[in-house]
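Colleague: Next one to model:
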Amino acid sequence: MMALWSFILTYKLIAEVQGYRSGWGGLGNLLMATLTLAVPLFLIGMTVALVMKLAGAA
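Modeller: Residues are numbered from 1 along each chain as shown. The predicted structure follows:
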């Protein structure tokens, strides 16, 4: 329960700091920041796995 409230407060506070009119802007900001890190890491991991499979290392 505390984790949920922590998440809600986080995106509400991000919205406040960034000057958005609602918490949805903060949630979108948090989502974009997460995706900015997650997508490249996922693509790099998949590329390494594919190269290892094609090279016969796995």
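Colleague: Secondary structure element holding the most centrally placed residue in the chain?
Modeller: Among the residues of the chain, Thr34 comes closest to the average C-alpha position under Cα atoms, centre = their mean, at 1.5 Å. Thr34 belongs to helix 23-55 when elements are defined using DSSP states H and E.
Colleague: what mean pLDDT does that helix have?
Modeller: Mean pLDDT, helix 23-55: 95.
Colleague: try stretch 3-15
Modeller: Mean predicted lDDT for stretch 3-15 stands at 94.
Colleague: Can you list the neighbours in contact with that stretch?
Modeller: By Cβ atoms under 8 Å, 6 or more residues apart in numbering, the surrounding residues in contact with stretch 3-15 are 22-27, 29-30. C-beta: built from backbone N, CA, C; applies to glycine.
Colleague: Quick check on those residues: which are buried?
Modeller: Neighbour counting by 16 or more other Cβ atoms under 10 Å classes 23, 25-27, 29 among the contacts of stretch 3-15 as buried.
Colleague: Now the helix holding Thr34: buried residues?
Modeller: In helix 23-55, counting by 16+ other Cβ under 10 Å, buried: 23, 25-27, 29.
Colleague: Same question for stretch 5-21.
Modeller: So for stretch 5-21, counting by 16+ other Cβ under 10 Å, buried means 11, 14-15, 20.
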